[in-house]
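S.K.: I'd like to go over a predicted model; first the sequence, then the structure.
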Amino acid sequence: MYFYVSDDPLATHGFSSLEENSSLQQLIPYNHSFGISQRLLLSSRNGFFVKNIDDIDPRFICQSCRLVLRKPYQLQCGHRQCQACIDVQNRTIHCLSCSKTSAINEVWFDAALQAELECLSIFCSVCDWTGPLKIYQDHIDQNHVDRFLICSLCREQVERSKILEHYMTETHQSRLLNILLHLQSIQIKNDQQQHQMRYSQFHDMISILSTDIALLDIRVEQIQYEFYSQQQALELHTYKLLLLKNLI
Ligand SMILES: [Zn+2]
Ligand SMILES: [Zn+2]
Ligand SMILES: [Zn+2]
Ligand SMILES: [Zn+2]
C-alpha cells in the first residue's frame, strides 16, 4: 500500500491551479484523431499564464481557465478547452462556457489549432523572456521551477524529477505511516475523552434524577401524612355528627 503526496511543480509558481484531469486520458477511446504515443505525452495541466494575454486572439484562449490553451480540444458546440480543463462526467463532457454537452467520442484534439498555438509569440509571465509558445514550457521548467524539492517529511533535498520515486522509498513510506498512526492515536484519545465527557454528563444527569426521586419520596410521605390527618379529621367529624344526631 502506497501513500501519495501530490506535487504539482507549477502550482507553487502559479502556473497551474486546477486539479489534474487524469480521468480523461483513461476515458478517451483509442481510435482518436491522434496516436497513442502522442496521447500519452499529453500534459494534464491547465492553460498557460502569459504576460501578453490581452493581446492574444480569443480563439487561443481556453473557455474554462481563460488562459492560453494547452492541448486544445474542440467540443461539439465549437468551443475549445484545454485537455485538463475538460469536465468529464459519466462519459459526457459539459462545456463550461455554453453548458452544451458532448459525448466523450465527440471531442477532438484540435491539431490545426495546436500548430497555430505553437507559433504564438508570447511573453513570459515571470521574466522578460519572449518566444514561441512551443518552447515556453521548457523555458518555465528551466528557469522558474526549482530543480530540487525539500521533502517536508524527511527534511531531505530531492531532485524534482525523482520526487515520486522518493515518495515510494521505504524511509519516506514508514515516516508517512508513523504520522498516520500518530494521527489515528490522537483520534482514539479524542474519542476516549469524548466518552469520558459523556459518562460524566450521564453521571450528573443520574444524580439530578435521584435528587428528584428523593424529593418526590418526601412529597409522597407528606401527601400520605396529609391524607392520614384528613382521615383522622373526617372520623372526628363523623363522631361529632353522630353525637349531634343523638342530642337531637
Ligand atoms: Zn483551460
Ligand atoms: Zn460550448
Ligand atoms: Zn521566464
Ligand atoms: Zn520523504
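M.R.: Cool, got the structure. Ligands and ions are numbered 1, 2, ... in the order given.
S.K.: distance check, the residue nearest to S64 when sequence neighbours are not counted against ligand 2.
M.R.: Closest residue to S64 apart from its sequence neighbours, by CB to CB, 6 or more residues apart in numbering: C85 at 3.7 Å. In short, each C-beta sits where N, CA and C put it, glycine included. C85 sits 12 Å away from ligand 2, taking CB to the ion, to the nearest Å as the criterion.
S.K.: C85: how many residues sit nearby?
M.R.: When neighbours are counted by other CB atoms under 10 Å, C85 registers 25.
S.K.: any idea how far it is from V145?
M.R.: Distance, C85 to V145, by CB to CB, to the nearest Å: 21 Å.
S.K.: tell me the contacts of the nearest residue to L120 once chain neighbours are set aside?
M.R.: Spatially, and ignoring its direct neighbours in sequence, L120 is nearest to L133 (4.4 Å; CB to CB, 6+ apart). L133 makes contact with 48, 50, 68, 117-122, according to CB atoms under 8 Å, 6 or more residues apart in numbering.
S.K.: confidence score at the closest residue in space to V68 that isn't next to it in sequence?
M.R.: Leaving out its chain neighbours, the residue that sits closest to V68 by CB to CB, 6+ apart is F48, at 4.2 Å. With respect to pLDDT, F48 has a value of 92.
S.K.: where does F48 fall, phi/psi-wise?
M.R.: Phi and psi for F48, reported as degrees, to the nearest 10, are phi -90, psi 140.
S.K.: OK, contacts around it?
M.R.: By CB under 8 Å, 6+ apart, the contact set of F48 is 15, 67-70, 122, 133, 136-137.
S.K.: so what secondary structure elements neighbour the longest helix seen in the chain?
M.R.: In the chain, with assignment by DSSP state H, the single longest helix is helix 170-247. Where contact means 3 or more CB pairs under 8 Å, 6 or more residues apart in numbering; DSSP states H and E, helix 170-247 is not packed against any helix or strand.
S.K.: run the chain-centre distance for that helix.
M.R.: Its chain's average C-alpha position is 45 Å from that of helix 170-247, according to CA atoms, centre = their mean, to the nearest Å.
S.K.: any idea what I122 is bridged to?
M.R.: Bridge pairing for I122 (DSSP bridges) gives the partners G131.
S.K.: need the per-residue pLDDT for it.
M.R.: 95.
S.K.: so which bits of the chain are right by ligand 2?
M.R.: 77, 79, 95, 97-98 (CB under 5 Å from the ion).
S.K.: buried among those? Make that a PyMOL selection.
M.R.: Applied in PyMOL, the following selects the buried portion of these according to 16 or more other CB atoms under 10 Å:
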select buried, resi 77+79+95
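S.K.: what two of the residues of the chain next to ligand 2 are the furthest from one another?
M.R.: C77 and S97 (7.9 Å; CB to CB).
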